[in-house]
Structures are given as C-alpha cells and as structure tokens.
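Colleague: fold the following for me, if possible:
(4 chains)
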Protein chains: 2
Amino acid sequence: MGRAVTIKDIAKRVGQSNVTVSYALRGSTEVSEATRLRVKEVAREMGYRANGFARSMQSGRFGNIGLLCSSESARSNLPTELLNGIESELAGAKYHLTVGRLPDEKLASQGVVPGLLAEWTADGLLINYQESIPSRMIELIETDHVPAVWINSKQRDACVYAADLDAGRSATEQLLRMGHRRIAYVDYSHGQLDLAEPGVHYSAADRAAGYEQAMIGAGLPPQLIRPERKVAPELRPQLASDWLAAQVPQARPTAVLGYSGSTTAPLYIAALRLGLRIPEDLSIVSFDDAAIYILGPRLTTWVVPQHEMGRSAARMLLDRVAAKVSPTETRLAVAFDFDPGQTVSPPTNL
Amino acid sequence: MGRAVTIKDIAKRVGQSNVTVSYALRGSTEVSEATRLRVKEVAREMGYRANGFARSMQSGRFGNIGLLCSSESARSNLPTELLNGIESELAGAKYHLTVGRLPDEKLASQGVVPGLLAEWTADGLLINYQESIPSRMIELIETDHVPAVWINSKQRDACVYAADLDAGRSATEQLLRMGHRRIAYVDYSHGQLDLAEPGVHYSAADRAAGYEQAMIGAGLPPQLIRPERKVAPELRPQLASDWLAAQVPQARPTAVLGYSGSTTAPLYIAALRLGLRIPEDLSIVSFDDAAIYILGPRLTTWVVPQHEMGRSAARMLLDRVAAKVSPTETRLAVAFDFDPGQTVSPPTNL
DNA sequence: AGTCGTAACTTAGACGATTAAGTATAAATT
DNA sequence: AATTTATACTTAATCGTCTAAGTTACGACT
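Modeller: Numbers count the residues shown, from 1 in each chain, chains lettered A, B, ... in the order given. From the prediction side, this is the model:
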C-alpha cells in the first residue's frame, strides 16, 4: 500500500513545480500542451488520485452531506428507497453522502455523540426523524450551525414529509367517485409486517383525518375502526380479521382503507377466507405495499414516495447550503405514489 | 450562516496562540488549568467544532470508509440490515461511512466515475457486489490503491459472503433428522416478492448444492424443482403452485425447501388452498423471511445474516486498513441465522 | 549565586491542494 | 531596435489543524 501518491511526487518525476502539475491536471491553459500530456501520463502511471479532503480545505466546502438516523434498534428505519433518492440527488450535485446513527436515549445520556455532530465534516445535515430520537440530540442538531433538513417531520423549520392528509382524502374520494358509500378506515397497524413506519404518529392521524374530511364532505358518516386500547402488536392481525368476520353482509362496508400493510394484509387474507370476492364484494385500498397478493388480486395502494421524499429533502438542503442564509421556514409535503392494483372496483351490492 | 468558527477565532478571543487553543481543547497538560477552562468556555460560547477534514489532513488518515453499491435501478440492492451492520462496526472504530453508487453499464461507458473513486476520500472501500456492476468499475476498484473488501462475492481477494452451501446442507439435514425422506428443493425465484437477492448466481447454486450433498449423503435421491427455461418472473408463483397441486399425495414430498421468499410464499398459499396442513402434511423451509404468515403458521427460515455480514466485512476492511500491507487473500463465509418458525415438524404420513 | 528544570506558552513547519502574484523567455508590435 | 504582450512557468500564501522545536519566566537545587 505505502503512502498515497501526491501532486508533489508527480512534480518531482516530471521535474517541475507542484503548481504546474496542479494546473496541468485540471487542464488549465496556463500550461503547455506538452507538459499537460506528460503530467497526465505520469499521474496515470503512478496511480494518482487527488486528496479530496485537501481540496475541500482549500475550497472551504466539504462537498459532503450527513444523513442521521435513529439508532439501529429501530429495525429498517432507513428505507432503501429513501437512501436512493437522497443519494441520486446529491451525486448529481457532486456531493458525498455520509451516513451516521444517532445514539438512543441511554447512550445519549452517557454523552455519546455521533461523529457527524462531534466534528465538522459536512456542509449540511439530513435527519430522518423518528419519535425515538433523544431530545438531547435534537437540541444538539438544532443549535448546530449547519443547515439541516428533517425528513418525516412536520414540525421543524425545514422539513419534508409525506402528504398523508391528502393521501387519505384522495384515496377516499376515489372510492366515493366509484360509488362507494359504506367505506371504513381500519387501523390495526404495528403488526408483524410493519417493519418500517416512519413518523407513525402524525401519519396515522393525518391519513385518518383525510378520510374523515372526504366522508364528511360527501355527507357520509366516517367509520373509523381502531383497537380500543393498546393491543399487543401480535394480536392485531386477528382483530382486523375478527372485525371483518363480524360484519353483517347488508351493512358491511363495500370498501375499506387500511392504514399500512400490517392492517391490510390480515383484512385481505380474512376476506379470501370468508369467501368474499375482491374487489366485487370488498374493495381494499392500502397505504403501502404489503406483498401478500402472490396468487390473488394485487393490492391497490397509496405508497409513501420514499424516493421522491429523499430527492426533495436533498434538494432542499442543497438550496440552503448554497444560500448560506439563516433558515427561513420551509415545509414540503410530497404527494403519495398511487398504484392502481386490482383490489378496487365500483360496488356491486348497492 | 457565516463562516465556521476556527481555532484561530478562539485564539484571538482569549488572546493566545492557536496552538495553545489546540492543546487546551484536547486537554493536554502543556496548558495551565485556567487557560484550558477559559478556552473550552469560549469554544462552547462560539459554537466551535473542529474541522474534521483539516484533522484528517494532518493525521494522514481520512477516518472514512466508502461503501459502493450498484446503481439504484436494482431496487433494494442495499439491505438496511447490511448497512446497519457496517455502520455499527465502523462507528465503534470511529470511522465515518460514505455511501456511493456505481454507474450502470451505460453510464460507465460514458466515463462516469463515482465520487468515491474519482477522489481520494476514504481509507478503504466496501463493495456490495452485484452481477450488474460494470466490469470497467470492478477493474477501477481493483487497480486502485485502497484496501477493499467485497460483500456477496466469493471470488475476490478479500470478501465476505453468506454460507449458502452450509445453509442448504443444514436445512436439509434438519429435515432428515426429523425423519423426512421425500424432500424437494424448489427454486422459482425472482418473482414479485423477490426484491433483494444479492449475488443470486452462486447463492442459488450453492444452496441447491448443499441440499444435494445432504440428500446424497443420506442415500436419498435429490428432487430439484426448477423452471425448465427462463420463465417470466410474474408467472413463477403460479408454477410453484401448479407443481404442488400436481403431486400425487402418496408420492408428494413431506417437506420442501424453497429458495427465497418468492418461491416459498406461493407454495405456502397453495398448500393452504389445497387444504394441506402446515406442517403436518407439508413442512416448509424458506431461505428468507417472506412475511406472508399473517394469520397462519410462521415460516421456518434460514436468513442471510445481513447484519453480521456487514459487521464482518467492516471488521475485515478495518484490519486491512490498519495493516497497511499488500492484501493477502481473505475469504469469510458467514453462517445463516436460523428462525425455527412453525412450518416444520416430523413427517406424519410415512 | 549560578545552573538546572519545568510550566506555559510561542514560532515554524507540515499535511495536499489551490489561487494570486510574480518572473523569465520568446514572439509580436510599432 | 525598443517596447509591449503572450507563454509557461515559479514562488508565496492560504485553508484549519497538528507536532516538533524553540523561548520565555520563574522557582528549586547545589
């Protein structure tokens, strides 16, 4: 391995100053054609690569964005598509992406600080907001002098979040337009399928609110189905199934909206078991992609636009980094992706 | 935002040289108690954070590891748990993690080079190997003078991969020990559930080989079920289902191993539909966690140890970085995680 | 009383690159 | 022929931090 090849090593080899080499490598016209070619040739020969950190120091920008997530215990709290979205936007702007995790409550109280906050290595920070992030850390980030954008939060100065309210309303309106009148909204989430539910709190409330708005707007009574008290996650799929089984055919909703896959999946299975045809007897709409429809109708879903959200957050952050002004409020709701699926049709039993 | 606070700014404020401040901040005894406290006080007041890049330059190490994955088109090619594993190991060693994506064949031929390879910013590289990585990029990485460790490859000088052969053998042996004799290995993978299948080629071959070894070792005929030619992914679930339905009860396998969730899930559904009891009539073992068991028995699985693989790869890389010697071959197979589930029992119809 | 030692600093130089400001040499202009 | 003007370089300074090598001032030892 040895030491890395520097610009000086090349200079020594070609018998010229390091500045000439620097100019030559970047193709400046201040250098003769001959030297430029020679320098580039030697550089390739010696396997030269510029030291990015040295460049950064000179230019005064890191060319790096930090992404902070809550500690790994929250399984899958960083959706791959979100990462993809962020990365693609940053790569386009020639920025690197450094991923770090925030300590949990316990570690935070012991004074643990992630590398990204301990030293100055990024031009800006993205934070994938979760309820589990210790308030101490939030404070640390907010009092820091780096531009920051929060993902999955609605409360920060600069944040990007999924338009849950709109999605709830749109999903309901689609069913209403089709002619459905008895539409239920079911939320038995946090079951076993529910691996990744970022910002659960407001997203659950907002989707339900959107549904209610649409129902009330249409002059219909909302029918919100939720467990009465905190029910253990592993029992919820059964609850969803029980609820559907308990419905009297004449009064049974012709369509259901399920908050997240962990709610919809049991409904889907239960419907099939009850001999209900999907979508003829029951239209099902889900709010994310529960891959349970292996040999049955594919779910109609409104999917959190992780990729788009990542891109938008990165874009917003880069703008703030470029502006170099103190943050003015910026909130951006990103519209859900809609997958038509096959589990929705006009009601047949009106 | 303004300019970042440097050590010099503090020096000016406390009326001492920047070196004194540097010593003071790091708690050196070369500085009087009084000055140290004063400096730290002022530093906090001014919101000082050390410039990590400047430190790196001085120390000659980046304190940064790069992670390269194939382009984002391959959906979910970077499992979150792998990232978690890598990150936790690196964080423990005070290294940062920078994530970058390799261009696809088309972009690579246009000369696109990811930031991590264009400039020198990392002490080492991890590469999540995929078939789709352009050979041009592989070459670039291999001729680079940075220590590198490949994940999900068996062919590189330094690599970490899942012990597919062992897993195939162990899974089969478990069934054999239980008394199963008619055991089939089914591979209709790459269906709709199959979002993330790293290094599909050798992993498929190895799991099947492990199965065959175990069967032959027990003096039993292997029964490998695979589509004869390339069948479109969306048709494969049906094929798996059809195969099971076509079995004569007396000759039907008492246990099946399914290569990945996209194979097992349709088998699971089909078995339920055929009225087969799981596991009494049919034991099912899967090679990753297909979350289809909402209201039925939980799958018995052998899961690729993504987290462990990430940790091991990071550990291996850090060792190489520390060693600073030219790479000697290091290959590491990481054992699968076993989840007992509920879909396996001794055969009842022998 | 003179030397030594030490505490508490400072100055100088380095890391690898860049940019600004010189300085020769040769060619072009008048 | 004298002066201007490119051309192709070089030297000096900078980014923020660190390490090594001075430099004071003061008290302790012999």
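Colleague: tell me where chain A has strands.
Modeller: Assigned by DSSP state E, chain A shows strands spanning A:64-69, A:96-101, A:124-128, A:148-151, A:158-162, A:183-186, A:223-225, A:255-258, A:283-286, A:300-303, A:330-334, A:337-339.
Colleague: looking at those strands, which is closest to B:Asn64?
Modeller: When these are compared by CB to CB, strand A:96-101 sits nearest B:Asn64, at 7.5 Å. Yep, even glycine has a C-beta here, placed from its N, CA and C like the rest.
Colleague: residues making contact with that closest one?
Modeller: A:63-72, A:78, A:83, A:86-87, A:90-91, A:114-116, A:121-122, B:64, B:83-84, B:87-88, B:91, B:96-100, B:115-116, B:121 (CB atoms under 8 Å, 6 or more residues apart in numbering or on different chains).
Colleague: so what's the gap between it and the chain middle?
Modeller: 15 Å (CA atoms, centre = their mean, to the nearest Å).
Colleague: in its sheet, what does that strand sit against?
Modeller: strand A:64-69 (parallel), strand B:96-101 (antiparallel) (DSSP bridges).
Colleague: redo the ones you listed as TSV? Include distance to A:Gly296.
Modeller: Converted to TSV, the strands paired with strand A:96-101 look like this (distance: least, CB to CB, whole Å):
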stretch	distance to A:Gly296
strand A:64-69	35
strand B:96-101	35
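Colleague: can you say which of the strands of chain A is nearest to DNA strand D?
Modeller: strand A:64-69 (14.6 Å; CB to the nearest atom of the strand).
Colleague: deepest of the strands paired with strand A:96-101, which one?
Modeller: Using mean count of other CB atoms under 10 Å in any protein chain shown, the stretch among these with the largest mean neighbour count is strand A:64-69, at a mean of 26.
Colleague: okay, the angle between it and strand A:124-128?
Modeller: If you take axes from the mean of the first three to the mean of the last three CA atoms, to 10 degrees, strand A:64-69 sits at 20 degrees to strand A:124-128.
Colleague: ok, and what's touching strand A:64-69?
Modeller: Contacts with strand A:64-69, where a contact means CB under 8 Å, 6+ apart, come from A:56, A:77-78, A:83, A:86, A:90, A:95-102, A:114, A:116-117, A:121-128, A:130, A:141, A:314, A:317-318, A:321, B:98.
Colleague: what does the stretch 101-250 of chain A have sitting close to chain B?
Modeller: A:101, A:114-116, A:118-121, A:143-147, A:191-193, A:195, A:237-238, A:241 (CB under 8 Å from any CB of the partner chain).
Colleague: against A:Ala184, how distant is A:Ala208?
Modeller: Distance from A:Ala208 to A:Ala184, counting by CB to CB, to the nearest Å: 11 Å.
Colleague: related to what we said a few turns ago, any of the residues of the stretch 101-250 of chain A next to chain B buried? List them.
Modeller: Neighbour counting with 16 or more other CB atoms under 10 Å in any protein chain shown marks A:101, A:114-116, A:119-121, A:146-147, A:191-193, A:237-238, A:241 as buried within those.
Colleague: now stretch A:107-122, how far from the centre of its chain.
Modeller: Counting by CA atoms, centre = their mean, stretch A:107-122 comes out at 23 Å from the chain centroid.
Colleague: so which of the buried ones among the residues of the stretch 101-250 of chain A next to chain B sit within helices?
Modeller: A:Gly115, A:Leu116, A:Pro237, A:Gln238, A:Ser241 (DSSP state H).
Colleague: got CSV for those, with pLDDT too?
Modeller: Supplementary listing: those in CSV, determined by pLDDT from 0 to 100:
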residue, pLDDT
A:Gly115, 96
A:Leu116, 96
A:Pro237, 82
A:Gln238, 87
A:Ser241, 89
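Colleague: looking at those, spot the one nearest A:Thr328.
Modeller: Set against A:Thr328, the nearest of those by CB to CB is A:Leu116 (24.0 Å).
Colleague: who touches stretch A:78-91?
Modeller: By CB under 8 Å, 6+ apart, stretch A:78-91 touches A:65, A:67, A:69, A:96-97, A:99, A:126, A:128, A:151, A:196, A:198, A:306-315, A:318, B:72, B:75-80, B:83, B:99-101, B:114-115.
Colleague: for it, output the C-alpha coordinates as PDB.
Modeller: Extracted in PDB, the C-alpha atoms of stretch A:78-91 (Å, rounded to 0.1, in the frame of the first residue of the first chain):
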ATOM      1  CA  LEU A  78     -34.000   3.900   6.900                       C
ATOM      2  CA  PRO A  79     -35.900   2.700   3.800                       C
ATOM      3  CA  THR A  80     -33.600   1.900   1.000                       C
ATOM      4  CA  GLU A  81     -35.600   3.900  -1.500                       C
ATOM      5  CA  LEU A  82     -35.200   7.000   0.700                       C
ATOM      6  CA  LEU A  83     -31.500   6.500   0.700                       C
ATOM      7  CA  ASN A  84     -31.500   6.000  -3.100                       C
ATOM      8  CA  GLY A  85     -33.400   9.200  -3.600                       C
ATOM      9  CA  ILE A  86     -31.100  11.200  -1.400                       C
ATOM     10  CA  GLU A  87     -28.000   9.700  -3.000                       C
ATOM     11  CA  SER A  88     -29.100  10.300  -6.500                       C
ATOM     12  CA  GLU A  89     -29.800  13.900  -5.900                       C
ATOM     13  CA  LEU A  90     -26.600  14.500  -4.000                       C
ATOM     14  CA  ALA A  91     -24.500  12.600  -6.600                       C
END
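Colleague: please name the residues that touch A:Ala167.
Modeller: A:Ala167 neighbours (CB under 8 Å, 6+ apart): A:Arg207, A:Gly210, A:Phe287, A:Trp302, A:Ala335, A:Phe336.
Colleague: no wait, A:Ile225
Modeller: A:Ala184, A:Tyr185, A:Val186, A:Asp187, A:Tyr188, A:Trp243.
Colleague: now do A:Thr121
Modeller: So A:Thr121 contacts A:Phe62, A:Asn64, A:Gly66, A:Thr98, A:Gly115, B:Asn51, B:Gly52, B:Phe53, B:His96 (CB under 8 Å, 6+ apart).
Colleague: ok, and which of the residues you listed reach DNA strand D?
Modeller: The subset of these lying close to DNA strand D, counting by CB under 7 Å from any atom of the strand, consists of B:Asn51.
Colleague: which of the contacts of A:Thr121 sits closest to DNA strand C?
Modeller: For these, the nearest to DNA strand C is B:Phe53 (9.1 Å; CB to the nearest atom of the strand).
Colleague: tell me the pLDDT at the nearest residue to the closest one once chain neighbours are set aside?
Modeller: The shortest distance from B:Phe53 to any non-neighbouring residue, by CB to CB, 6 or more residues apart in numbering or on different chains, is to A:Phe53 (4.4 Å). The score at A:Phe53 is 98. That number is its pLDDT.
Colleague: how many residues are close by A:Phe53?
Modeller: 25 (other CB atoms under 10 Å in any protein chain shown).
Colleague: wait, isn't it in contact with B:Met57?
Modeller: Yes. At 5.5 Å, A:Phe53 counts as touching B:Met57 under the criterion of CB atoms under 8 Å.
Colleague: most distant residue from the centre of chain A?
Modeller: A:Gly15 (52.3 Å; CA atoms, centre = their mean).
Colleague: could you check the pLDDT of that one?
Modeller: 94.
Colleague: quick revisit: reformat the contacts of A:Ile225 as CSV; add pLDDT and neighbour count.
Modeller: Formatted as CSV, those follow (pLDDT from 0 to 100; neighbours: other CB atoms under 10 Å in any protein chain shown):
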residue, pLDDT, neighbour count
A:Ala184, 97, 21
A:Tyr185, 96, 27
A:Val186, 93, 23
A:Asp187, 90, 23
A:Tyr188, 82, 28
A:Trp243, 94, 18
